[in-house]
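In: pasted the sequence and its predicted model underneath.
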Amino acid sequence: MIEDIKAKITAEVEVLSHELNVVLPGRIRRAVELGDLRENAEYKSALERQQFVQARIGHLAGRMSEISRISVDDLPADRVGFGSTVRVRDHADQAEREFTIVAGDFIDLEKGHVSVESPIGRGLCGAREGEEVEVRLPAGARSYTVVSLTTLPEQLTGGEG
């Protein structure tokens, strides 16, 4: 999972760097050729995009630094944490749901990814298999039972934990 995140960040940085160093200078150059920059919407738009791309690259560099400091050895092998895939039973409707706890930038709700910083992520972190947890959501509290759990260390060692 960590390598997948690093690959996604690297790919996004490559695309943004190309835009920053090739595409945007061309847009700015064409806008300058149109004349009066005070009322040139294309020029202003290109500059705003340039600032956004620079900020996004800086943010991604920070995320890469954070991810590089994650040690799988420091992740819990018996409790929900970053990278865990957890199946829960909702006490309200007895339905089972599966979540994977991911970094905030890599949420994919269709795949059941929830951010470690989200209410569900925070509520589940630290829970063990068989444990009941209460998660405070904006719509109200929900109770879940952890039915099964596969931690990131288990995933990386093939369950040999």
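Out: Sure, I can see it.
In: correct me, but residue 84 touches residue 148?
Out: No - using CB atoms under 8 Å, residue 84 is not in contact with residue 148, being 10.5 Å away. To be clear about C-beta, it is placed using only N, CA and C from the backbone, and glycine gets the same treatment.
In: who has more neighbours, the two?
Out: residue 84 (27 against 12; other CB atoms under 10 Å).
In: OK, contacts around that one?
Out: Residues counted as contacts of residue 84 (CB atoms under 8 Å, 6 or more residues apart in numbering) are 100-101, 124, 149-152.
In: per-residue pLDDT, it?
Out: Looking at residue 84, its pLDDT is 89.
In: and residue 43, by the same measure?
Out: With respect to pLDDT, residue 43 has a value of 89.
In: where's it relative to residue 61, distance?
Out: For residue 43, the distance to residue 61 equals 27 Å [CB to CB, to the nearest Å].
In: of those two, give the one with the bigger neighbour count.
Out: Neighbours of residue 43 and residue 61, each counted by other CB under 10 Å, are more numerous for residue 43; the result is 20 against 12.
In: go ahead and confirm the more buried one touches residue 37.
Out: Yes - under the criterion of CB under 8 Å, residue 43 makes contact with residue 37 at 5.2 Å.
In: so what sits against both of these two?
Out: Jointly contacting residue 43 and residue 37 under the rule CB under 8 Å, 6+ apart are residue 31.
In: tell me which helix or strand comes right after the helix or strand containing residue 120.
Out: In this assignment (DSSP states H and E), residue 120 forms part of helix 119-124. For helix 119-124, the following helix or strand on the C-terminal side (DSSP H and E) is strand 132-137.
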